[in-house]
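**Q** kindly return the folded structure for what I paste below:
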Amino acid sequence: KTGTLTTDEMTVTGVIPFGADENKIKKALSSIVKASDELNATLYALRDYSDSVSPYECSKFCDFSSETKWSGGTFENGKTYIVGATECILKSREKYSEVYSEIEKINQTVRILVLAESDSEPDKDSLPDDLKPLALILIKDKLRDNVNETVKYFKEQGVTLKVISGDSVKTVKNIAIDTGIEGAENAIDMSTVTTDKELEDAAERCNVFGRVTPAQKKKLVVALKKHGHSVAMTGDGVNDAPALKKADIGVAMGITGTEVSKDAASMVLQDDNFATIVDAVREGRGIYANIKKVVGYLLGTNIGEVITVFTAMMLWHKTPLLSMQLLWINLVTDSLPAIALGMEAVESEVMTQKPKPKSEGLFAHGFGVRIVLQGVMFGLLALFAFMIGEKSTGTVAGGQTMAFAVLALSQVIQAYNMRSEHSLFKIGVFTNKKLNQAALLSIVLVLAVLFTPLRIPFGLELLSLNMYLTALGMVLIPILVMEFSKAFGLIRHQH
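**A** Down below sits the predicted model:
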């Protein structure tokens with residue numbers, strides 16, 4: 001949508017008259033603006049240009065619509081004034097060759113409107129046959145400051161940008177060229193497209209579409225999806241709603257957008273700025289990455305618990321962890337760090353990653369295998385801790401205490417390992433303050449069960465200092481394993 005690329009603050013920068021003086025042109029424009037029910041950016045520009053003259057009173061008026069692309073009416077002086085898209089008002093190029101000749105000479109990135117008059121009344125479905133052009137109105141819409149950087153970013157990401165607008169193809173093409181959109185020279189006037197086959201071919205071949213109707217917008221989305229593309233579509237009007245709904249991601253405008261378009265969209269740009277989509281992509285990727293981290297953390301640690309209990313029961317017919325101990329680990333050690341891990345800041349490199357295919361699952365590129373291997377690591381740690389504890393104390397409770405301490409605290413450490421696919425020491429060990437608080441609380445609660453009378457209902461017992469030091473050493477093993485894996489590229493982002 002061109003409105004997301006420009007500031008939507010329009011200014012009349014020139015007028016090319018056809019036998020009419022400036023006062024007549026301004027009076028006609030002022031009359032049309034006054035009679036209009038709702039003012040848009042274009043009408044505001046016409047009002048600012050013509051507000052120095054008093055308007056005529058209107059007896060019959062037809063408001064602008066995206067189908068007709070003109071507005072106008074009959075006024076008290078007996079004249080009908082019409083303003084809008086040239087090719088929609090002056091349809092015969094031969095009859096109005098002088099007007100079209102002047103348009104061809106214009107090489108600026110401007111919106112070109114024609115002002116015409118007639119002695120007959122207009123109808124909302126048809127225009128008078130005796131229209132006489134009074135002037136061409138040139139309206140400039142300034143590009144947003146950061147739009148070129150945004151377009152460049154999407155190009156680097158392999159995203160194809162297609163500008164779809166109701167404006168003339170020349171205006172839209174010039175805006176696309178000014179913003180640096182690749183393939184802007186591949187432009188088409190959609191008013192010349194008459195069949196669905198032509199539309200499907202144009203959807204794939206062209207990047208600039210002028211004089212697009214709301215119905216064609218939806219068809220373009222359908223055509224692009226048919227070609228296997230993931231499609232995001234921007235729009236603001238009621239008539240844009242079908243296209244927004246049909247797109248994979250519908251993007252509505254927060255300022256100029258109607259409530260209908262906002263309801264149909266998946267995302268709303270509160271500032272109507274195309275560049276804001278990049279911020280949304282950054283946040284979306286950060287959320288996805290954090291979900292992946294939390295899922296990996298929870299599955300890995302829980303697989304470790306399953307392996308611990310299942311293996312011990314199969315080999316020794318003993319339970320290394322009581323149900324109450326497992327419940328404490330899941331409620332305290334798992335949940336609090338997992339919540340904090342979901343608040344991890346978005347990593348700086350997230351915007352250099354390529355988009356993921358829609359068909360790509362959460363566990364793609366070996367992520368599922370890594371989760372299982374991490375679960376095996378926790379299972380082995382807990383089993384060895386159980387064996388050492390039972391052998392040293394001579395009691396099953398001693399082995400369970402050792403297994404409980406190692407499994408609970410190593411899982412807290414694992415939350416830090418899952419923060420990034422880069423080294424923990426590269427991103428900063430304690431830069432996630434929420435995780436620091438959650439980890440500290442989890443450790444305190446685990447220690448409370450180990451060293452206070454609370455250990456009695458949990459079936460735990462006090463161990464020797466050497467046993468606790470051994471447990472501490474085993475707790476730090478996940479850091480060594482994960483840092484080694486990251487250093488040698490066993491854990492890395494897959495493009």
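**Q** please count neighbours and contacts with C-alpha atoms only from this point.
**A** Fine.
**Q** just checking, Ala439 touches Val412?
**A** Yes: here Ala439 reaches Val412: they are 6.1 Å apart, a contact under C-alpha atoms under 8 Å.
**Q** shared neighbours, the two?
**A** Applying C-alpha atoms under 8 Å, 6 or more residues apart in numbering, one finds that Ala439 and Val412 are jointly contacted by 333, 337.
**Q** can you pull out the helices in the stretch 301-450 of the chain?
**A** 323-328, 335-341, 367-393, 396-417, 424-427, 433-451 (DSSP state H, counting those that start in this stretch).
**Q** any idea which of the ones you listed is most buried?
**A** A comparison of the helices of the stretch 301-450 of the chain by mean neighbour count, using mean count of other C-alpha atoms under 10 Å, puts helix 396-417 on top with a mean of 25.
**Q** give me the mean pLDDT for it.
**A** Regarding helix 396-417, the rounded mean pLDDT is 96.
**Q** go on, stretch 248-260?
**A** 91.
**Q** ok, then the element right after the helix or strand bottoming out on mean pLDDT in the chain?
**A** In the chain, no helix or strand scores lower on mean pLDDT, DSSP states H and E than helix 2-5, which sits at a mean of 80. Remark: after helix 2-5, the chain's next helix or strand is strand 6-17, criterion DSSP states H and E.
**Q** against which helices or strands is that next one packed?
**A** For strand 6-17, the packing partners by 3 or more C-alpha pairs under 8 Å, 6 or more residues apart in numbering; DSSP states H and E come out as helix 41-50, strand 132-143.
**Q** 10 Å instead, please
**A** helix 22-35, helix 41-50, helix 97-105, strand 111-118, strand 132-143 (3 or more C-alpha pairs under 10 Å, 6 or more residues apart in numbering; DSSP states H and E).
**Q** run the chain-centre distance for that strand.
**A** What separates the centre of strand 6-17 from the centre of its chain is 31 Å, taken as C-alpha atoms, centre = their mean, to the nearest Å.
**Q** again, but for stretch 455-469
**A** Going by C-alpha atoms, centre = their mean, where stretch 455-469 is centred and where its chain is centred differ by 51 Å.
**Q** quick one: contacts of it?
**A** 321-325, 328, 385, 388-389, 392-393, 395-402, 404-406, 446-454, 470-475 (C-alpha atoms under 10 Å, 6 or more residues apart in numbering).
**Q** would you mind checking the average pLDDT for it?
**A** 95.
**Q** list the buried residues of that stretch.
**A** Of the residues in stretch 455-469, 455, 458-463, 467-468 count as buried by neighbour count, 16 or more other C-alpha atoms under 10 Å.
**Q** tabulate the helices and strands packed on strand 6-17 (JSON lines), appending distance to Tyr416 and mean pLDDT.
**A** Formatted as JSON lines, those follow (distance: least, C-alpha to C-alpha, whole Å; pLDDT from 0 to 100):
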{"stretch": "helix 22-35", "distance to Tyr416": "62", "mean pLDDT": "95"}
{"stretch": "helix 41-50", "distance to Tyr416": "52", "mean pLDDT": "91"}
{"stretch": "helix 97-105", "distance to Tyr416": "64", "mean pLDDT": "90"}
{"stretch": "strand 111-118", "distance to Tyr416": "55", "mean pLDDT": "93"}
{"stretch": "strand 132-143", "distance to Tyr416": "44", "mean pLDDT": "92"}
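**Q** low-confidence ranges in this protein?
**A** Where the chain drops to pLDDT under 70, the residues are 490-495.
**Q** distance of the residue lying farthest from the centre of the chain from Phe386?
**A** The centre of the chain is farthest from one residue, Gly394, which by C-alpha atoms, centre = their mean lies 59.4 Å away. Distance from Gly394 to Phe386, counting by C-alpha to C-alpha, to the nearest Å: 11 Å.
**Q** please apply the same query to Gly72.
**A** 86 Å.
**Q** now Leu331
**A** Leu331 is 21 Å from Phe386, by C-alpha to C-alpha.
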